[in-house]
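*Asks:* Need a 3D model of the sequence below.
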Amino acid sequence: MVDINAAQDLTKMETSKPPFLGPALAGFCGLLIGVGLGRFGYPPLIPAMVEANWGAPAAFHLAGAFNLAGYVVGAIVAVPIISRLGTKQSLWLGAVMATAAFAVSIVPLPAWLFSAARALSGIAGGILMIILPPIIAASVAPEAKGRANGSACAGVGTGFVLSGTALPALAGLGPSAAWMGLTIVMIAASTVLLITAPNVEARPVQSGH
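*Replies:* This next block holds a predicted model:
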């Protein structure tokens, strides 16, 4: 004879199981925005921008250094930002900053402003890298944390692959078209990120505390 109470308890446990798809998808999109495209989506466009006389090669490579420095700054300021704004608002900030940095690059910019846009993209990436792992860890079941974090890291790999395959082909249409295509992808990924991100206040753990 079936134990009805035990069956009800099992059903209740299954229905109360933490969701996996939402946090995993948010992590994927967040790291696609912040690292996959934010870091690797820029270098393949340098030859097209030089050919279109948007600037000198040295200036574009220097902008790449500003982008890398931005990640360090973003990682440093992420904890104070989360403490002040909360998790969800910090995700909004990172996504908007990253998308804006790509959107303004659709047109030729002075070297200093282009470097500032790349630094902004790096800062956004640093913020997202610090925010997303604790959100994922706090939102999925313990046995699913590995798969969820793996899905998030796949966002980095996807951006890297796109940068080496689709972007060079898109750059053949001109740098404006390439930056516009990247911006559209950033907007789409940001939308998915902000829709699927769990509403939890998971704060990064600071070393030494």
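*Asks:* And the strands in the protein?
*Replies:* For the chain, applying DSSP state E gives no strands.
*Asks:* Residue 33 and residue 186: what is the separation?
*Replies:* According to Cβ to Cβ, to the nearest Å, residue 33 stands 6 Å off from residue 186. C-beta: built from backbone N, CA, C; applies to glycine.
*Asks:* Neighbour count: the two, which is higher?
*Replies:* residue 33 (31 against 24; other Cβ atoms under 10 Å).
*Asks:* Make sure residue 62 is actually in contact with residue 116.
*Replies:* No. Applying Cβ atoms under 8 Å, one finds residue 62 not in contact with residue 116, separated by 11.7 Å.
*Asks:* Tell me how many other residues crowd residue 182.
*Replies:* Neighbourhood size, residue 182 [other Cβ under 10 Å]: 26.
*Asks:* and it, what is it in contact with?
*Replies:* Shown in contact with residue 182 (Cβ atoms under 8 Å, 6 or more residues apart in numbering): 37, 41, 102, 167.
*Asks:* Where do the helices of this protein begin and end?
*Replies:* Secondary structure of the chain (DSSP state H): helices located at 4-15, 21-31, 46-51, 57-85, 87-103, 111-139, 145-164, 166-171, 175-196.
*Asks:* coming back round to it: tell me which two in the contacts of residue 182 are the farthest apart.
*Replies:* Distance extremes for the contacts of residue 182: the farthest pair is 102 and 167 at 12.2 Å, using Cβ to Cβ.
*Asks:* Next up, the contacts around the residue nearest to residue 92 when sequence neighbours are not counted.
*Replies:* Leaving out its chain neighbours, the residue that sits closest to residue 92 by Cβ to Cβ, 6 or more residues apart in numbering is residue 194, at 6.4 Å. Each residue near residue 194 by Cβ under 8 Å, 6+ apart is listed here: 91-92, 95.
*Asks:* For this structure, give me the ranges with low pLDDT.
*Replies:* 1-18, 200-209 (pLDDT under 70).
*Asks:* gap between the nearest residue to residue 131 once chain neighbours are set aside and residue 133?
*Replies:* Take residue 131 and drop its neighbours on the chain: the residue closest to it by Cβ to Cβ, 6+ apart is residue 90, 5.5 Å away. From residue 90 across to residue 133, the span is 13 Å (Cβ to Cβ).
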